[in-house]
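**Student:** please find the sequence and the predicted model below.
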Amino acid sequence: MNRILEEKGGRVLAFGAHPDDLEVGAGGLLARLSHLGAEVTLAIVSVPNNPEQRKAEAKAAAAVLDANLWILNEEKPCRVEDIPMHELVRRMDTVIGDVRPDLVITHSANDLHWDHGLVNRATVSALRRTPCDLLAYLSSPEMNAQSRSLGNCFADISAYVDVKLEAIACHKSQLPKLDLESSRDLARAMGRISGYGYAECYEALRVRI
Ligand SMILES: [Zn+2]
C-alpha cells in the first residue's frame, strides 16, 4: 500500500463479478491510484447478458479510469456461479501471474449478491501464494443495505468523485438501475464519517505496512 500511495507506482488489480461493479464500489480509489502513477488493471469475471454492449461499456469505463481491462470469461454470457470454482481460481491465477499485483481489490465476503461473494472466495484462494495488499469493497450500496459491515478503511476520493460518476455513467444499459446521485451521496456520507470531502469504504483484508 505504501509503495502505491507514497512512491507513486506499483500495480493494482481489481476484480468485479460483472461489468459496472468496480466503478460503483471502487471507481474513486481506482481513478486516484491510476492518477498517482499505478498501473491499474480491471478484471471482470463474467458478462451476464448483452455481451457486445456490456463489453463496450466496460471498455469505455476502463478508459475513463485510465485502466487496463481483462474479461475472464468472454466466450459466452454467464453468471459467476455457472463457472466451476476451480476454473474461476485457475483463471484468476493467470491474471495474477501476469499482473503481479502489489494491491488487489475485490468484492467483500459480506456482499449479499451471491456472485459477488463467490468472487471474494475465489480471489482469496487465488492469492494464496501472492504477497500483496488486499482490500474488499461492497458494490451496490442499496442492495447491501442489510450487510453486516461497510468496512474499516476509508479512501479519500474527494478529487475523483466526478471521475467515478463518469465511469459509472459509461454503463448506459444499466443506468436505470444505477442512481448516480445516490453514488455521490454515499461517497459524501463516507466522507463525513472519515473526515474527507468524499470517500469510499473498504475492508482491509491484508495490509503490509
Ligand atoms: Zn455485480
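**Tutor:** Thanks, I have the structure now.
**Student:** quick check: residues of this protein near the ion?
**Tutor:** Proximity of the chain to the ion (CB under 5 Å from the ion) is limited to residues 17-18, 21. In this view, the C-beta of every residue, glycine as well, is placed from N, C-alpha and C.
**Student:** pull out the buried members of those residues.
**Tutor:** Among the residues of the chain next to the ion, those classed as buried by 16 or more other CB atoms under 10 Å are 17-18, 21.
**Student:** what's the closest of those residues to L135?
**Tutor:** D21 (14.2 Å; CB to CB).
**Student:** okay, Y198 and L33: tell me how far apart.
**Tutor:** According to CB to CB, to the nearest Å, Y198 and L33 sit 16 Å apart.
**Student:** helices - which of the residues of the chain next to the ion land there?
**Tutor:** If you go by DSSP state H, these have D21 in helices.
**Student:** who are the contact partners of the nearest residue to D21 once chain neighbours are set aside?
**Tutor:** Residue nearest to D21 in three dimensions, not counting chain neighbours: S139, with 4.1 Å by CB to CB, 6 or more residues apart in numbering. Shown in contact with S139 (CB atoms under 8 Å, 6 or more residues apart in numbering): 16-17, 21-22, 24-25, 107, 111, 113, 116.
**Student:** what's the local residue count around H113?
**Tutor:** Residues within reach of H113, counting by other CB atoms under 10 Å, total 18.
**Student:** which single residue in this protein comes nearest to the ion?
**Tutor:** Going by CB to the ion, the ion is nearest to H18 of the chain, at 3.7 Å.
**Student:** any idea how many residues pack against H35?
**Tutor:** Neighbours of H35 under the rule other CB under 10 Å: 15.
**Student:** before we move on, what about M85?
**Tutor:** For M85, the tally of surrounding residues (other CB under 10 Å) stands at 13.
**Student:** in contact with E166, which residues?
**Tutor:** V64.
**Student:** distance of it relative to K172?
**Tutor:** Distance from E166 to K172, counting by CB to CB: 12 Å.
**Student:** which residues touch the spatially most central residue of the chain?
**Tutor:** Nearest to the geometric centre of the chain sits L22, at 3.2 Å (CA atoms, centre = their mean). Counting by CB under 8 Å, 6+ apart, L22 touches 14-16, 30, 42, 44, 105, 139.
**Student:** and the nearest residue to it once chain neighbours are set aside, how far is that from G10?
**Tutor:** Excluding the flanking residues, the one nearest L22 by CB to CB, 6+ apart is G16, at 3.8 Å. According to CB to CB, G16 and G10 sit 20 Å apart.
**Student:** A56 now?
**Tutor:** 29 Å.
**Student:** go on, L150?
**Tutor:** Here the criterion is CB to CB. By it, L150 lies 26 Å from G10.
**Student:** the more surrounded of the two?
**Tutor:** Neighbours were counted for L150 and for G10 using other CB under 10 Å; G10 has more, 22 against 19.
**Student:** any weak-confidence spans in the protein?
**Tutor:** Along the chain, segments meeting pLDDT under 70 span 1-8, 142, 144-148.
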